[in-house]
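Quick one: sequence and predicted model below, then my questions.
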Amino acid sequence: MQNQDDTAAGEMVREARERKGWTQADLAKRVGGRQQTIGKIEKGLVRYSRLFPGIARELGIEPEKLMPELATQNSHEQLIPEPEVFRKGHQDFPVHASAEGGLGEIIVSSDPVAWVIRPTPLVGVTRSYGIIVVGESMVPEFWPGDTALINPHLPPERGATFVFYGERDGEVRATVKHLLRWSETVWHLRQWNPPKGQKTDFTLPRSEWTKAHRVVGKYSK
């Protein structure tokens, strides 16, 4: 059964596209997709697509209107503009760098690369930290260069974003993803802008990805 919200989002895309005078093929070319996919999105037949961030950007639509889950997620986050992060004051919050370590995965530096103002949600929280995000799998929730603010003590929660940690070939890997649900054996995850060849929704084995640290906000780049 087709969801009314899906239909509304599709109509929004169609109306914005037509205001620009573009065909479905024009929009598809701009976002790296197929005309048939744009047609399905406009009819409300596609609920999640890696094309949504690009469509929102090209048509000037707020990403939350295409992906309502972002509005819920962002309501839990504290977005602080960059000048406030580096203002004069007591900078005791460690921020780690990251590098791309494969499709949708990152390698986090073992030592902090910067110390910044501690965000309000993490005042008094021991071992809390930040990670400078790389890659585009979580755009538009996290753009490359944003700093994810992390509380390692909070339990798993549906509808929240976490940093998942695992080890492969003796190297610790991490991935920032939206948690849908979990079982004893797997994490059920979502990424907003999946790398080519990957799906929006997927699973990771908990035997390999053993730690989940809750993201409670971000410092905007």
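Thanks, I have the structure now.

So which bits of the host helix or strand of residue 65 are buried?
In the assignment (DSSP states H and E), residue 65 maps to helix 63-66. For helix 63-66, the neighbour count (16 or more other CB atoms under 10 Å) marks 63, 64, 66 as buried. To be clear about C-beta, it is placed using only N, CA and C from the backbone, and glycine gets the same treatment.

Centre of the chain to that helix, how far?
Distance of helix 63-66 from its chain centroid, counting by CA atoms, centre = their mean, to the nearest Å, is 13 Å.

same question, stretch 200-207
On CA atoms, centre = their mean, the centre of stretch 200-207 falls 15 Å from that of its chain.

May I have it exported as PDB, CA atoms only?
Taking C-alpha atoms only, stretch 200-207 is exported to PDB below (Å, rounded to 0.1, in the frame of the first residue of the first chain):
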ATOM      1  CA  THR A 200      20.200   2.100   1.600                       C
ATOM      2  CA  ASP A 201      19.300  -0.500   4.300                       C
ATOM      3  CA  PHE A 202      21.700  -3.200   5.200                       C
ATOM      4  CA  THR A 203      23.000  -5.300   8.100                       C
ATOM      5  CA  LEU A 204      26.300  -5.700   9.900                       C
ATOM      6  CA  PRO A 205      27.100  -8.800  12.000                       C
ATOM      7  CA  ARG A 206      27.400  -8.000  15.700                       C
ATOM      8  CA  SER A 207      30.100 -10.600  16.100                       C
END
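
Return the set of buried residues in that stretch.
200, 202, 204, 206.

Identify, from those residues, the entry nearest to residue 192.
residue 200 (7.6 Å; CB to CB).

pretty sure the closest one is touching residue 191, no?
Yes: using CB atoms under 8 Å, residue 200 is in contact with residue 191, at 6.3 Å.

Averaged pLDDT, stretch 156-171. What do you get?
Taken as a whole, stretch 156-171 carries a mean pLDDT of 87.

Tell me where this structure has strands.
For the chain, applying DSSP state E gives strands covering 79-80, 91-96, 98-100, 106-108, 114-117, 129-132, 147-151, 160-168, 171-182, 186-190, 201-205, 209-219.

quick one: contacts of the second one?
Residues from elsewhere that reach strand 91-96, judged by CB atoms under 8 Å, 6 or more residues apart in numbering: 108-119, 122, 128-132, 147.

So the protein: which segments form each domain?
The chain breaks down into these domains under automatic domain parsing: 4-67, 79-219.

Noted, bye for now.
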